[in-house]
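Asker: Turn this into a structure:
(2 chains)
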Amino acid sequence: MNRDDNDKLDLNDNRIKSLFQKARSVTLGSEAKAGGLKRLREMMAKGTPAEPRKKLP
Amino acid sequence: MSGDPAQQLERAYEEHADGLFRYGVFKLSDREQAEDLLQETFVRAWKYVSSNEAVGNFKAFLYKIMSNLIIDEYRKRKPIDSLDAMGDADGFDPPFDDTERWFDAIDGERAVALIARVPPPYSEAVFMRYVQELTLREISEITGERENTVAVHIHRGLDRLRTLYFEKHHDPHP
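Answerer: Numbers count the residues shown, from 1 in each chain, chains lettered A, B, ... in the order given. As a prediction, the model looks like this:
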């Protein structure tokens, strides 16, 4: 058993596990993620930095 | 990771964009800024890999860039913008008599903010290990700390987390 496995063993508090689980639910969102990927592809195709992300008014 | 640099970076985006964004929200408490820094992370990563520089661990490489951008952002911020100040203003502490129900009701972003209230460097170590699910070695590469030190920070962070949010609020005689 490596050290990473050992430190997992200390996590026996279900409330803390639940807290981490809730925190993991924070994501970029599918629309923003698709937009980011599109800008990344454009940047790599052009070989230049991406256009700035469009922000909400 | 093998293949041409563009494919590597596209795969890395698919795999790590959500985690990097979450890390930005954890450190900055601001979705918009986290999204901006995520984009800038990949701009910088592209500049690096497109000049044929080799990357050993893409995940750690991207987190390191994001982490540096966050440090730059901190330097620009006014002191009043600290997470603690924002949390205090927002009434973060749960009521003593209703902790369980309050805890059940919080959403993901509030959970992220709660973990961030554990003092540094413990909060970061705990967040990276249990929310981002990075290995000790990856955390070590990102933070520049030795693996043993990271492990100590994780243990202390978990203890602080329990004390801050659970034991404290269940003690009838605080």
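
Asker: Low-confidence stretches in the chain?
Answerer: With no chain named, the answer covers chain A. Counting by pLDDT under 70, chain A shows low-confidence ranges at A:1-12, A:48-57.

Asker: Sorry, I should have been clearer: chain B.
Answerer: In chain B, residues with pLDDT under 70: B:1-2, B:78-103, B:167-174.

Asker: mind giving me the domain ranges of it?
Answerer: As given by automatic domain parsing, the domain ranges for chain B are B:5-77, B:80-170.

Asker: I'd like those domains as JSON lines, with distance to chain A and mean neighbour count appended.
Answerer: The C-beta positions use only the backbone N, C-alpha and C, and glycine is treated the same way. As requested, these are exported to JSON lines (distance: least, Cβ to the nearest Cβ, whole Å; neighbours: other Cβ atoms under 10 Å in any protein chain shown):
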{"stretch": "domain B:5-77", "distance to chain A": "4", "mean neighbour count": "18"}
{"stretch": "domain B:80-170", "distance to chain A": "4", "mean neighbour count": "17"}
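
Asker: where do the helices sit along chain B?
Answerer: B:5-28, B:31-49, B:58-76, B:83-89, B:99-105, B:108-116, B:122-126, B:136-143, B:147-162, B:168-170 (DSSP state H).

Asker: got a list of contacts for the helix ranked longest in chain A?
Answerer: The residue-count maximum for a helix in chain A (DSSP H) belongs to helix A:30-46. Residues outside helix A:30-46 that contact it (Cβ atoms under 8 Å, 6 or more residues apart in numbering or on different chains) are A:27-28, A:49-51, A:53, B:6, B:9-10, B:13-14, B:17-18, B:35, B:38-39, B:42-43, B:46, B:50.

Asker: so how far is A:R15 from the residue nearest the centre of chain B?
Answerer: With distances taken as Cα atoms, centre = their mean, B:Y23 lies nearest the centre of chain B, 3.5 Å away. Separation of B:Y23 from A:R15 (Cβ to Cβ, to the nearest Å) stands at 23 Å.

Asker: Likewise for B:L158?
Answerer: B:L158 is 12 Å from A:R15, by Cβ to Cβ.

Asker: Same question for B:E138.
Answerer: For B:E138, the distance to A:R15 - Cβ to Cβ - is 26 Å.

Asker: Please name the residues that touch B:S50.
Answerer: Contact analysis of B:S50 by Cβ under 8 Å, 6+ apart lists A:M44, A:G47, B:P5, B:A6.

Asker: what's the farthest-apart pair in those residues?
Answerer: The distance between the two most remote of the contacts of B:S50 (Cβ to Cβ) is 11.0 Å, for A:G47 and B:P5.

Asker: isn't A:R15 right up against B:F166?
Answerer: Yes - with contact defined as Cβ atoms under 8 Å, A:R15 and B:F166 form a contacting pair (5.9 Å).

Asker: before we move on, what SS does A:V26 have?
Answerer: At A:V26 the chain is in coil, as set by DSSP: H, G, I helix; E, B strand; the rest coil.

Asker: Thought B:A113 was touching it, still the case?
Answerer: No - applying Cβ under 8 Å, one finds A:V26 not in contact with B:A113, separated by 10.0 Å.

Asker: circling back to that earlier point, please convert the contacts of B:S50 to a markdown table, extending it with distance to B:M128.
Answerer: As requested, these are exported to a markdown table (distance: Cβ to Cβ, whole Å):
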| residue | distance to B:M128 |
| --- | --- |
| A:M44 | 28 |
| A:G47 | 33 |
| B:P5 | 26 |
| B:A6 | 28 |
